[in-house]
Every structure is written in structure tokens, then in C-alpha cells.
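[1] turn this into a structure:
(one chain, ligands or ions: 1)
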Amino acid sequence: GASILAGVGVVSGWPVRIRIVLAFFGTLSFFLQSCGGFLWTGGIDFSRRALSLCTAEALKHRSTRMVPFRWAITSAGKIAADFAHAVRQLEGHEVVAVAARSEAAAREFCARHARGAAAYGGYEAMFRCDRHGADACYVATRPDSHRALCERLIARRVPTLCEKPLATSVDDVAALYAAAAASRTFLMEGVWTRCFPATAKARELLRGGAIGDVVAVQAEFGYAIANGCPDGVRGSAATGGMGRDIGVYLAEKALLAFDSRDYDLADARGVAVLGRGDGVDLTVAASARMVGRDPKRRGGVASLLWTGQCDTPEVCAVLGTAGSLRFAATHHTPRTLEVTTRTSRTASRTEVLDFPEPGDDGAHRWNYPGSISLQYEAASVARAVRAGAVEAPEWTHADSLAAHRIVERVRDQCYAPTADVDAAKPGDF
Ligand SMILES: NC(=O)c1ccc[n+]([C@@H]2O[C@H](COP(=O)([O-])OP(=O)(O)OC[C@H]3O[C@@H](n4cnc5c(N)ncnc54)[C@H](OP(=O)(O)O)[C@@H]3O)[C@@H](O)[C@H]2O)c1
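    Numbers count the residues shown, from 1 in each chain. Purely as a prediction, here's the structure:
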């Protein structure tokens, strides 16, 4: 507009000073519009991209994509094999080392499940060696060996993911987390349920008040151990039992409903069917009462059942004052979440959210159902380790300790001297 006016000024013989000012603004405006047009039509995009490539965040992202996260695996057992195949199919992850008590077992494992990984005879041989360059170690041995192995790894400051249960007593669990915190070493108990997208969604909904105040949670989980399970599960009253094997999955549900950031365990009780002769907890009905740290939070109860005597549907319901969340079958590997909210005094609406499991190339026959989803846990660990954290936000040290407290308190009552071990019902074997 200023340029046109300048032209009009020349034709009409306006004073020179006015024409110069108009010409100046015309030229300036032309220049600015050209720059604006360039920036608007892609120049800005390009400049932003060029800039973002230089930020530390972008460089970290780039290196995350280019450098694989390297895993060492301790044991050549069943879940170790599943983990190796889940990681094999996860972009940006690889298994670089495997240790078993015997070198032959480690070699066979590598040939079948982790081609190209270095095989070590004896766990210590792998822990001592730094040639494999692993970023983290996955401990998948029997529970009674977890504490000692994790301690050795933490002493070497190796980020560690240890299969559940992290240890066989609350004191041992606490000692491991204290050691990890003292040496600033990452440690996570492998409660992989927490890393599933369905669990993340449930936590988000609960935290956002989607079902109001949580009043109660109900969950069961069990399988018939007579149908085949690792020897260590039955074990003895001191080393085995179902509470130790799967109790943590039920406690996880109590802590999903009553987040360990906001609630404390007030009370826990249980009744059990104990194994004939060995006295292990075979079937347990447990109740826990959780209280909010903030007196404004009401708290509520958890009703949990675990068993080794039969298969169960594995359903979990979280009940709130304004609705409910329900994990349809197999809540420890959740893929479907039903969210029911009240729409009027007498009506409600249910939304079904599906979270399909990751794709599987079918090259491995899984030892345990849903193991391809161990990918979620591996990815969580990599994220936390790369961020320099000592714990994963999905299953923190506090979560894990709270879960072990619930299970231990219940187990302690079941093993009270008054329990009549010989009175175990049929169904024992
Ligand atoms: N996340 C899940 O869904 C899931 C599923 C199943 C099991 N788990 C957990 O994973 C861990 C391993 O279970 P698993 O089913 O893989 O068991 P498994 O097949 O019996 O393997 C256990 C491994 O423990 C090692 N081990 C160390 N000391 C041992 C001893 N004295 N006797 C026998 N084995 C000994 C052996 O390793 P070597 O190969 O070195 O000899 C064996 O391969 C347990 O903590 C279990 O609770 C988790």
C-alpha cells in the first residue's frame, strides 16, 4: 500500500520528503512480507527442523534409535527364553550375553534363543566380564537366588531387572532397594503388568477421577500347579508357595486401585489352604484395608484371591463411587479394559478399550501366555536407564515394597502355629 502511495505521490507531484518516507515503508514492507512468506511456506518448518536436530533432546532421541539397548540374561530357564524372543522382536533392543549355571546350557540357549550373544558358564563369569557391553541385566533365576544375584549386580552398578518376586522377604526387598539407592543403580522388580498400555490407561483414569473415589478392588489369579510348573513354586513353606509366586500380581491390583503414592496399608488378613505336609500356601483369600495419607481420601478395601489348585478367569474389578473399571480375562497381562460410568441415577454407560498385544513372528513357542508383551517392560527399563533413573515410574521401589508388605502380612497369618497343616483338603497332591 505504501509503495502504491509513493507511486501516486510521484505522479501527483507530492513533496519529496513524503515520497521518500512512503518509498522507505513500501520497501520495508515488501522485504518483511517476502521473509514472512518464506517462513510461512516452509522456511520456518525447515529452520525449526534444523534447529531441533541440534538440541540435546533430539540428539538423545537420535542415538536412542541408532544404538540398540543391550541385554544380559541370567539363567537359561523358561521365562528367560520368552524374554529373549520378546526382545529379539523389539526394535532397538538386543541380547548380547547369557549366563547359566552350566556353560553347555548357556550355549544351547544362545543357539536357540539369542543367536550372536556371548555364552557364559556361571553367572559370576558374565558379571565380571565387561566385553559384552550390556546396558542392563535381566535376572530370571529361582526366587531364592534373586537377592544374592541382585546384590552382586548392584555392587557392580549394573542396571538390573529382576523377575518377581524380587526377594523372599520384605526385609530382603528393602535391603536391595536401599543398596540400589545408595549406589545410584537402577533396579526394578519384573512386575511387567505395570508396563502394559492397559494398565497405564487404568492409572490415568483412576487418577483423573473417572470412577469417583475408589471404594474396593476385587481380583483373583491362579493356575493348577499340578498341571506342570517350575519345582521352585511348590518349594517349602520357607521358600515357595503361591503367595510368593503370584501374590505380587494381586497386591499390584490393590495398589493400582489405592496408589502407593497416596495410600498406606492399614490392615491385611488371610485364610489359607496349606499344602499337605509341606505347609505351603496353596489357596489364599486375602483382604487388605488401605487408608489415604491425606485424611480427605477415604481409603477402602481389597479382596484378593490366589491359588495353585485350579485355573481362574483372572478378572479384576475396581469399584468407585461414580463407576467401575474392569480388566477382562488375564489381568496380569491386560489387553481389555471396560470402563463403566454412571450417566444418571439408574443408568450407566460402558466403554470397552482394547489394547492389542505386540506383533509376533511366531518363531518361538512361548512358555508362558502373553510373553511377547515383555517388550513393554524391556522398553520401560531402557527408558529409565537411559534417563539415569534408579527406578521405573511404572513400578517404583515404594510400589514393590508395599506389595511385598501386603503379601507377607497375609502369609504370616496363614502360617500361624494354629494352622492345621494336615487338614489340607483334597486338591492337594
Ligand atoms: N513374568 C512372568 O510372567 C513370569 C512367568 C514365569 C516365571 N516368572 C518368574 O521368573 C523366575 C524364573 O521362573 P521360570 O519359570 O523361568 O523357572 P525355570 O524355568 O525353572 O528357570 C529357573 C532358572 O533358575 C536357575 N536356578 C538357579 N539356582 C537354581 C537351583 N538351585 N535349582 C534350579 N534352578 C536354579 C536355573 O538357571 P540355569 O539355567 O542357570 O541353570 C533355572 O533355569 C521366577 O522368579 C518366576 O517367578 C515370571
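[2] hang on, isn't residue 337 packed against residue 355?
    Yes - between residue 337 and residue 355 there is a contact under Cβ atoms under 8 Å: 7.3 Å. Where C-beta positions appear, they are placed from N, C-alpha and C, glycine not excepted.
[3] looking at these two, which has the bigger crowd around it?
    residue 337 (23 against 16; other Cβ atoms under 10 Å).
[4] beta partners of that one?
    residue 327, residue 353 (DSSP bridges).
[5] contacting residues around it?
    198, 201, 202, 325, 326, 327, 328, 352, 353, 355 (Cβ atoms under 8 Å, 6 or more residues apart in numbering).
[6] quick check: it vs residue 223, distance?
    22 Å (Cβ to Cβ, to the nearest Å).
[7] related to what we said a few turns ago, tabulate the contacts of residue 337 (JSON lines), appending pLDDT.
    JSON lines is the format used below for the contacts of residue 337 (pLDDT from 0 to 100):
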{"residue": "198", "pLDDT": "98"}
{"residue": "201", "pLDDT": "98"}
{"residue": "202", "pLDDT": "98"}
{"residue": "325", "pLDDT": "98"}
{"residue": "326", "pLDDT": "98"}
{"residue": "327", "pLDDT": "97"}
{"residue": "328", "pLDDT": "89"}
{"residue": "352", "pLDDT": "98"}
{"residue": "353", "pLDDT": "98"}
{"residue": "355", "pLDDT": "97"}
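[8] would you mind checking those residues for buried ones?
    198, 201, 202, 325, 326, 327, 328, 355 (16 or more other Cβ atoms under 10 Å).
[9] sheet-wise, list the partners of the one helix or strand residue 96 maps to with their directions.
    For residue 96, the element it lies in under DSSP states H and E is strand 93-100. Under the criterion DSSP bridges, strand 93-100 sits next to strand 69-74 (parallel), strand 118-121 (parallel) in its sheet.
[10] I'd like the next helix or strand past the longest one.
    Toward the C-terminus, strand 69-74 is succeeded by helix 78-88 as the next helix or strand (DSSP H and E).
[11] and that following helix, which residues are buried?
    79, 80, 81, 82, 83, 84, 85, 86, 87, 88.
[12] quick one, strands of the chain?
    For the chain, strands defined by DSSP state E occupy the ranges 69-74, 93-100, 118-121, 136-139, 160-163, 187-190, 214-222, 263-274, 281-292, 300-307, 316-320, 323-327, 336-342, 348-354.
[13] can you tell me which of those strands is most buried?
    strand 187-190 (a mean of 27; mean count of other Cβ atoms under 10 Å).
[14] settle this for me: residue 354 is touching residue 335, isn't it.
    Yes - counting by Cβ under 8 Å, residue 354 does reach residue 335; the two are 6.7 Å apart.
[15] nearest to residue 259, of the buried ones among the contacts of residue 337?
    residue 202 (11.1 Å; Cβ to Cβ).
[16] gap between the nearest residue to residue 79 once chain neighbours are set aside and residue 107?
    Excluding its sequence neighbours, the residue lying closest to residue 79 (Cβ to Cβ, 6 or more residues apart in numbering) is residue 140, at 5.0 Å. Computed as Cβ to Cβ, the residue 140 to residue 107 distance reads 17 Å.
[17] the more surrounded of those two?
    Ranked by neighbour count (other Cβ under 10 Å), residue 140 and residue 107 place residue 140 first, with 23 against 17.
[18] the closest residue to residue 328 other than its chain neighbours: what's it in contact with?
    Closest residue to residue 328 apart from its sequence neighbours, by Cβ to Cβ, 6+ apart: residue 336 at 4.2 Å. With contact taken as Cβ under 8 Å, 6+ apart, residue 336 is in contact with 198, 327, 328, 329, 352, 353, 354, 355.
[19] state the pair within those that is farthest apart.
    329 and 353 (14.6 Å).
[20] ok, the residue in the stretch 301-429 of the chain that the ligand sits nearest to - contacts?
    Nearest to the ligand, among the residues of the stretch 301-429 of the chain, is residue 368, at 4.5 Å (Cβ to the nearest ligand atom). Contact analysis of residue 368 by Cβ under 8 Å, 6+ apart lists 78, 79, 82.
[21] kindly report the same for residue 374.
    Contact analysis of residue 374 by Cβ under 8 Å, 6+ apart lists 82, 83, 86, 87, 192.
[22] intersect the residues you listed with the contacts of the ligand.
    Near the ligand, judged by Cβ under 6 Å from any ligand atom, the entries from the contacts of residue 374 are residue 192.
[23] just curious, which of the contacts of residue 374 is nearest to the ligand?
    Of all the contacts of residue 374, residue 192 has the smallest distance to the ligand: 5.4 Å, by Cβ to the nearest ligand atom.
[24] kindly state the pLDDT recorded for that closest one?
    Listed pLDDT for residue 192 reads 98.
[25] and residue 251, by the same measure?
    Confidence score, pLDDT, at residue 251: 98.
[26] before we move on, back to that, any chance of the buried ones among the contacts of residue 337 in a markdown table, plus distance to the ligand?
    Putting the buried ones among the contacts of residue 337 into a markdown table (distance: Cβ to the nearest ligand atom, whole Å) gives the following:
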| residue | distance to the ligand |
| --- | --- |
| 198 | 16 |
| 201 | 20 |
| 202 | 19 |
| 325 | 22 |
| 326 | 21 |
| 327 | 16 |
| 328 | 18 |
| 355 | 17 |
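[27] re the thing from before, overlap in contacts, residue 337 and residue 355.
    Common neighbours of residue 337 and residue 355 (Cβ under 8 Å, 6+ apart) are 198, 201.
[28] who in the stretch 251-400 of the chain is up against the ligand?
    Going by Cβ under 6 Å from any ligand atom, the residues of the stretch 251-400 of the chain near the ligand are residue 368.
[29] now swap in the stretch 51-200 of the chain and tell me
    Neighbours of the ligand within the stretch 51-200 of the chain, by Cβ under 6 Å from any ligand atom: 75-80, 100-101, 105, 140-143, 145, 163-164, 190, 192.
[30] make it 5 Å
    Within the stretch 51-200 of the chain, the positions lying close to the ligand (Cβ under 5 Å from any ligand atom) are 75, 76, 77, 78, 79, 100, 101, 141, 142, 143, 145, 163.
[31] distance of the second one from residue 169?
    By that I understand residue 76. 27 Å.
[32] between these two, who's got more neighbours?
    Ranked by neighbour count (other Cβ under 10 Å), residue 76 and residue 169 place residue 76 first, with 26 against 15.
[33] shouldn't that one be in contact with residue 100?
    Yes - using Cβ under 8 Å, residue 76 is in contact with residue 100, at 3.8 Å.
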